[in-house]
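Asks: Return a 3D structure for these sequence lines:
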Amino acid sequence: MCYLTRCRVLPGVILATSLVVARGSMAQGAGASPGGGAATPSATTEDDSEESGTTPTSEAAKGKLPPVEVAAPRPPAEPIAAVVEDEFDAPADHWEIFSNGRIGAFFSWSKGDGVPQGTIYDPVTGDTRYQVNAVEGGGTGSTPQIQTPVGTAGAGTATPQIIYKNSIDTMRIRSGFTGNVLGFGVKRRLGGTKVTGYISVTSIVDSSSERKYFQSYPDFREGYIKLEGHWGSLLLGRAATLFDRGAVETDFLYLHGYGVGYPGDLNTANGFPTGGQIGFGVLANGYAAGFVYATPKLAGVQLSAGVYDPAALAGQAYERTRFLRPEFELTADEPVGSIGKVHGYFNGGYQPNYRTNSTNTDVGKLMGIGYGGRVELGPVHVGAGGHRGRGLGFSYPGLPAGPATQDLAGTLHETDGFFIMGQLSLGNFDVNGGYGKSTIHLTAFDLTAQPNGYPKLSVISSQAGISAGVVYHARDWLHFDVDFMRADAKWSLGERQQINFYNAGTTITW
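Replies: Presented below is the predicted three-dimensional model:
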């Protein structure tokens, strides 16, 4: 929870740079799709939104027309691509320049339990029983907390220990799930092929570590060349990756595209946008340099496959890499008459990581699969899915996550998660809700007892979150959000953190 996003980081994260295109700007062939958290949907063309972004596919989140205007019925909510056009609308004799983006700001109030006390003592003797891993890989991490004494362990002994109850009560003004995104691109034709170059930059409004004198650095999340034709498409450069992209798309479309969700890093020490549902049943796909090919769609089915710059497990036993990382995603779309559609996805990735200062036979295999789908029938939109794998942590594959990624002996943890999200789209209002849970499966080493009968470390073992929100689309470019999330993190020896997040703010898109 303490590192998101993105990617958050969600990806993530992942979290990620997506922009949402307004309906009015679609007529001009450009717009903006969400970008965010650890890895929110990224800007791309409509034909390859299945391939190069986390961006949902194409007709969705188009915003609402003003109440005073006569608007056509809203189409089913689909992620919108940054450039809404077919492969032939680029000029043949010169470069055409386009731009898209979004800016948002939110009030965010975090209130509830802090992380557990780091050392658990015997109540009678005051001796140490075990340590709690409460600042790395889960919970709200090392955020400053209110610390209230609630008792004494070993009272009357020579070394009494104070027992504390930690709590959090803090308000921030911050960016949301997608951050502020500014994208620029060029396009032209080369015979029957469209050539696009695109760069997008993400930033946030909140001060790093709550120090207003710290600089807010731009995050160049995307920079790629893309070739498209009847043969499919080829993307070369940095863009959102394929593994678990469909889950982040669903979070953007139905829950946190205009909101905050889980703030992730409460004091903004890492400078990312917020996490949405990432870390709570959703794993951020993130961004990476790669070569990705996507087939033409055949009967609504498309296969995307690519190789990416490897992701080292920073700070872990298996930090060395050798090979590029393969990932894939298979998607299928089927219309439901004129009232909706069904979208399904299955994706995965594999990354061998080698123990530092050891031989190539000492390998830890980071791997995972993601799966799910969305059904849209008129104003009712429902999405569900999950993931499972090894060495993934809660939020973002490759993120330093300590015991959430591996045990103290260096064995990678098995991980899984699931989510369900829904949206009721009523005119200019969207009513959103969702639930998700991620679980770390402990190893035998995690459970091995010390001479005192307790394992050495209490490890973060699950995170569950329930989210709800209402979005009012005052114009096709102006969106107001109120959302809520309750997070529940549990540790292997019974510790727990329950905390609420109350968020409200606005976003403009172009």
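
Asks: Look at Gly141 and say how many residues are nearby.
Replies: For Gly141, the count of nearby residues is 18 (other Cβ atoms under 10 Å). (Each C-beta comes from the backbone N, C-alpha and C, glycine too.)

Asks: Does it belong to a helix, a strand or coil?
Replies: With DSSP: H, G, I helix; E, B strand; the rest coil as the basis, the three-state label of Gly141 is coil.

Asks: Might one say that Gln145 is in contact with Asp113?
Replies: No. Gln145 lies out of contact with Asp113 (Cβ atoms under 8 Å); the separation is 9.2 Å.

Asks: any shared contact partners between those two?
Replies: Residues within reach of Gln145 and of Asp113 at once, by Cβ atoms under 8 Å, 6 or more residues apart in numbering, are 166-168.

Asks: Out of those residues, name the ones that lie in strands.
Replies: Residues of the shared contacts of Gln145 and Asp113 located in strands (DSSP state E): 166-168.

Asks: so who does His413 touch?
Replies: His413 touches 390-391, 403-407, 440-443, counting by Cβ under 8 Å, 6+ apart.

Asks: before we move on, back to that, show me which of the shared contacts of Gln145 and Asp113 is closest to Val363.
Replies: Asn166 (38.7 Å; Cβ to Cβ).

Asks: any idea how far the closest residue to that closest one other than its chain neighbours lies from Lys165?
Replies: In this structure, Asn166 finds its nearest non-sequential neighbour in Gly114, 2.9 Å apart by Cβ to Cβ, 6 or more residues apart in numbering. According to Cβ to Cβ, to the nearest Å, Gly114 and Lys165 sit 8 Å apart.

Asks: any residues in contact with both of the two?
Replies: With Cβ under 8 Å, 6+ apart, Gly114 and Lys165 have common neighbours Gln147.

Asks: The two - which one has more neighbours?
Replies: Counted by other Cβ under 10 Å, Gly114 and Lys165 do not tie: Gly114 has more neighbours, with 22 against 15.

Asks: How much space separates the closest residue to Gln277 other than its chain neighbours from Thr331?
Replies: Of all residues not flanking Gln277 in the chain, Asp251 sits nearest, at 4.7 Å (Cβ to Cβ, 6+ apart). According to Cβ to Cβ, Asp251 and Thr331 sit 17 Å apart.

Asks: Looking at the two, which one has more neighbours?
Replies: Asp251 (38 against 23).

Asks: Would you list the phi and psi of the more buried one?
Replies: The phi/psi pair for Asp251 (degrees, to the nearest 10) reads phi -60, psi -40.

Asks: can you pull the contacts of it?
Replies: 40, 177, 257, 261, 276-278, 282, 419, 421, 434.

Asks: Name the member of those with the most neighbours.
Replies: Going by other Cβ under 10 Å, Thr40 tops these with 50 neighbours.

Asks: pLDDT wise, what is that one at?
Replies: Confidence at Thr40, expressed as pLDDT, is 54.

Asks: State the distance from the residue in the chain sticking out farthest from the centre to Thr125.
Replies: Centroid-distance maximum for the chain: Gly156 at 49.5 Å, with Cα atoms, centre = their mean. Taking Cβ to Cβ as the measure, Gly156 falls 10 Å from Thr125.

Asks: Equivalent analysis for Glu228, please.
Replies: Distance from Glu228 to Thr125, by Cβ to Cβ: 70 Å.

Asks: doesn't Leu182 make contact with Ser200?
Replies: Yes. When contacts are counted by Cβ under 8 Å, Ser200 is listed as touching Leu182 (6.8 Å).

Asks: neighbour count winner among the two?
Replies: Ser200 (32 against 20).

Asks: on that earlier part again, okay, Glu228 and Thr125: which has more neighbours?
Replies: For Glu228 versus Thr125, neighbours defined as other Cβ under 10 Å are more numerous around Glu228 (25 against 13).

Asks: Can you give me the separation between that one and Pro296?
Replies: 10 Å.

Asks: tell me how far the ends of stretch 294-313 are from each other?
Replies: 28 Å (Cα to Cα, to the nearest Å).

Asks: For it, list every residue counted as buried.
Replies: Residues 294-295, 302-306, 308, 310-313 are the ones in stretch 294-313 that count as buried (16 or more other Cβ atoms under 10 Å).

Asks: now do stretch 500-510
Replies: 501, 503-510.

Asks: okay if I get those as a markdown table plus distance to Ile339?
Replies: Below are the buried residues of stretch 500-510 laid out as a markdown table (distance: Cβ to Cβ, whole Å):
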| residue | distance to Ile339 |
| --- | --- |
| Phe501 | 35 |
| Asn503 | 32 |
| Ala504 | 32 |
| Gly505 | 32 |
| Thr506 | 31 |
| Thr507 | 28 |
| Ile508 | 30 |
| Thr509 | 26 |
| Trp510 | 30 |
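
Asks: What is the nearest of these to Leu399?
Replies: The nearest member of the buried residues of stretch 500-510 to Leu399, counting by Cβ to Cβ, is Phe501 at 20.5 Å.

Asks: Could I get the contacting residues of the closest one?
Replies: If a contact means Cβ under 8 Å, 6+ apart, then Phe501 has 108-110, 260-263, 484-487 as its contacts.

Asks: Likewise for Gly368?
Replies: 243-244, 283, 348-349, 387-390, 392, 397, 415.

Asks: just these: which has the poorest pLDDT?
Replies: Ranking these by pLDDT, Pro397 lands last with 78.

Asks: which stretches of the stretch 301-450 of the chain form strands?
Replies: Under the criterion DSSP state E, counting those that start in this stretch, the stretch 301-450 of the chain carries strands at the ranges 301-308, 320-321, 325-336, 340-354, 363-377, 380-390, 414-426, 429-441.

Asks: again with the stretch 101-250 of the chain
Replies: Ranges of strands in the stretch 101-250 of the chain, per DSSP E, counting those that start in this stretch, are 119-121, 128-132, 146-153, 161-174, 180-190, 193-203, 219-229, 232-240.

Asks: In CSV: those strands, plus distance to Gly494.
Replies: Shown next, in CSV, are those (distance: least, Cβ to Cβ, whole Å):
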stretch, distance to Gly494
strand 119-121, 9
strand 128-132, 10
strand 146-153, 16
strand 161-174, 15
strand 180-190, 41
strand 193-203, 39
strand 219-229, 38
strand 232-240, 38
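
Asks: do you know which of the ones you listed lies nearest Ile466?
Replies: The closest approach between Ile466 and any of those, judged by Cβ to Cβ, belongs to strand 161-174 at 18.1 Å.

Asks: What residues sit buried inside that closest one?
Replies: 161, 164, 166, 168, 170, 172, 174.

Asks: Please name the bridge partners of the second one.
Replies: Going back to what we said before, that points to Tyr164. Here Tyr164 shows beta-bridge partners Pro149, assigned using DSSP bridges.

Asks: wait, it sits on Ala153?
Replies: No. Here Tyr164 lies out of contact with Ala153, judged by Cβ under 8 Å, at a distance of 10.8 Å.

Asks: Common neighbours of the two, please.
Replies: Counting by Cβ under 8 Å, 6+ apart, nothing touches both Tyr164 and Ala153.

Asks: Could you check the pLDDT of the residue nearest to Asn166?
Replies: Gly114 is assigned 93 on the pLDDT scale.
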